[in-house]
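Colleague: below is the sequence, then the predicted model.
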Amino acid sequence: MYRKLIKPFFDKLTALIALIIASPIFIIVALLLAFFQNGKVFFTQKRPGLKEEIFLLIKFKTMRDDKDVNGELFADEERLTWIGKIVRKTSMDEIPQLLNIIKGDMSFIGPRPLLVEYLPLYSKEQSKRHLVTPGITGWAQINGRNTISWQKKFEYDVWYVQNQSFLLDLKIVFMTIFKVFKAEGISGEGMATMEKFKGNKN
């Protein structure tokens with residue numbers, strides 16, 4: 001009942017209210033990014049959601065698309081703009097995902113939606129992370145975010161799937177707020193984002 005009816009209803013209602021309240025911040029951040037990133041404001045990418053159904057995730061864009069002479073993108077840290085660093089550190093880059101929640105693609109709480117290319121790399125156990133709607137924040141995010149290993153992150157995701165409840169979601173909300181204010185676990189040392197998942201070692 002909670003997972004299928006109550007949570008989706010309150011997700012969409014809360015996201016709509018939050019988007020209205022956050023609209024001034026949304027507009028200001030969008031204008032700053034447009035000015036300092038040559039008009040590039042949003043980052044969109046296909047991601048797998050509930051039952052691995054593909055949807056288009058939207059975030060504020062925090063990196064330039066600078067490439068080397070071979071046409072390869074520079075390292076994340078080199079492409080991350082100064083305004084992008086602020087937006088990412090304060091987690092304001094997640095604000096556009098309120099639109100994903102209103103559409104029903106995402107929830108506030110759940111395993112983060114990762115890259116489509118990772119789908120064939122998961123073990124059977126790790127694939128269980130797609131048995132619930134993905135979220136903006138989740139059990140893995142409050143327990144290390146980008147500073148823990150992929151294996152540990154997936155363990156946290158599956159644990160959440162098996163233990164999802166209103167009280168657990170409430171705990172994750174409050175711990176997320178605490179983490180945002182402390183700006184903890186945003187990236188591993190020397191990286192702007194986490195290293196790509198390359199599959200499970202034999």
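Modeller: Cool, got the structure.

Colleague: can I get the helix or strand bottoming out on mean pLDDT in the chain in CSV, CA atoms only?
Modeller: Across the helices and strands of the chain, mean confidence by mean pLDDT, DSSP states H and E is lowest for helix 76-79: a mean of 78. Provided in CSV are the C-alpha atoms of helix 76-79 (Å, rounded to 0.1, in the frame of the first residue of the first chain):
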residue,chain,number,x,y,z
ASP,A,76,35.3,15.8,-15.3
GLU,A,77,37.3,18.0,-12.9
GLU,A,78,38.6,20.0,-15.8
ARG,A,79,35.1,20.5,-17.3
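
Colleague: show me what counts as buried in it.
Modeller: Arg79 (16 or more other C-beta atoms under 10 Å). (Each C-beta comes from the backbone N, C-alpha and C, glycine too.)

Colleague: right, and the helix or strand after that helix?
Modeller: helix 82-89 (DSSP states H and E).

Colleague: tell me the helix or strand right after that next one.
Modeller: Following helix 82-89 in sequence order, the next helix or strand is helix 97-103 (DSSP H and E).

Colleague: got the contact list for that next one?
Modeller: For helix 97-103, the surrounding residues in contact (C-beta atoms under 8 Å, 6 or more residues apart in numbering) are 11-12, 15-16, 18-19, 22, 55, 57-59, 106-108, 136.

Colleague: check stretch 8-23 too.
Modeller: By C-beta under 8 Å, 6+ apart, stretch 8-23 touches 26, 95, 98-99, 101-102, 104, 107-108, 133.

Colleague: buried residues, it. List them.
Modeller: Buried residues in stretch 8-23, counted by 16+ other C-beta under 10 Å: 11-12, 15, 19.

Colleague: alpha carbons of that stretch, as PDB, please.
Modeller: In PDB, the C-alpha atoms belonging to stretch 8-23 read as follows (Å, rounded to 0.1, in the frame of the first residue of the first chain):
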ATOM      1  CA  PRO A   8       3.700   8.000  -5.300                       C
ATOM      2  CA  PHE A   9       0.800  10.300  -4.400                       C
ATOM      3  CA  PHE A  10       2.800  12.300  -1.800                       C
ATOM      4  CA  ASP A  11       5.900  12.300  -4.000                       C
ATOM      5  CA  LYS A  12       4.000  14.000  -6.800                       C
ATOM      6  CA  LEU A  13       2.200  16.400  -4.500                       C
ATOM      7  CA  THR A  14       5.300  17.400  -2.600                       C
ATOM      8  CA  ALA A  15       7.400  17.800  -5.800                       C
ATOM      9  CA  LEU A  16       4.800  20.100  -7.200                       C
ATOM     10  CA  ILE A  17       4.700  22.200  -4.100                       C
ATOM     11  CA  ALA A  18       8.500  22.200  -3.800                       C
ATOM     12  CA  LEU A  19       8.900  23.200  -7.500                       C
ATOM     13  CA  ILE A  20       6.600  26.200  -6.900                       C
ATOM     14  CA  ILE A  21       8.500  27.200  -3.800                       C
ATOM     15  CA  ALA A  22      11.900  26.700  -5.400                       C
ATOM     16  CA  SER A  23      11.000  28.500  -8.600                       C
END
